[in-house]
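Q: no sequence for this one, just the structure:
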């Protein structure tokens with residue numbers, strides 16, 4: 001599974017690179033704090049796969065990296081995606097590296 005660090009994600013954001021960010025946490029988690037990605041909770045990821053780009057890199061994130069890894073495995077196996085990257089450490093790693101005041105649980 002391909003991974004990306006929060007430092008690499010921040011660089012992509014700062015350089016305005018073309019990519020899609022998908023947050024697979026539950027809606028209440030997303031509403032607490034997010035990185036402006038599209039919120040598709042893990043339970044609905046296969047049903048809503050048509051919302052995920054196939055023509056640019058897609059970074060999948062969650063709280064710690066576990067749910068996003070599960071989402072990537074499902075999407076690769078069922079829908080044949082090959083452009084997915086797991087955000088290593090999830091939003092907790094982002095908070096630690098860039099935004100210590102970000103509310104996470």
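A: On my side now, so go ahead. Every value quoted in this text rests on a predicted model; they were computed, and no experiment measured them.

Q: Could you point out the longest helix of the protein?
A: helix 66-79 (DSSP state H).

Q: Heading C-terminal from it, find the next helix or strand.
A: Following helix 66-79 in sequence order, the next helix or strand is strand 84-87 (DSSP states H and E).

Q: name the helices or strands packed onto the longest helix of the chain?
A: strand 58-61, strand 84-87 (3 or more C-beta pairs under 8 Å, 6 or more residues apart in numbering; DSSP states H and E). C-beta: built from backbone N, CA, C; applies to glycine.

Q: could I get those as JSON lines with mean pLDDT?
A: Shown next, in JSON lines, are the helices and strands packed on helix 66-79 (pLDDT from 0 to 100):
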{"stretch": "strand 58-61", "mean pLDDT": "98"}
{"stretch": "strand 84-87", "mean pLDDT": "98"}
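
Q: what's the most buried one of those strands?
A: For the helices and strands packed on helix 66-79, average neighbour numbers computed from mean count of other C-beta atoms under 10 Å are highest in strand 58-61, which has a mean of 26.
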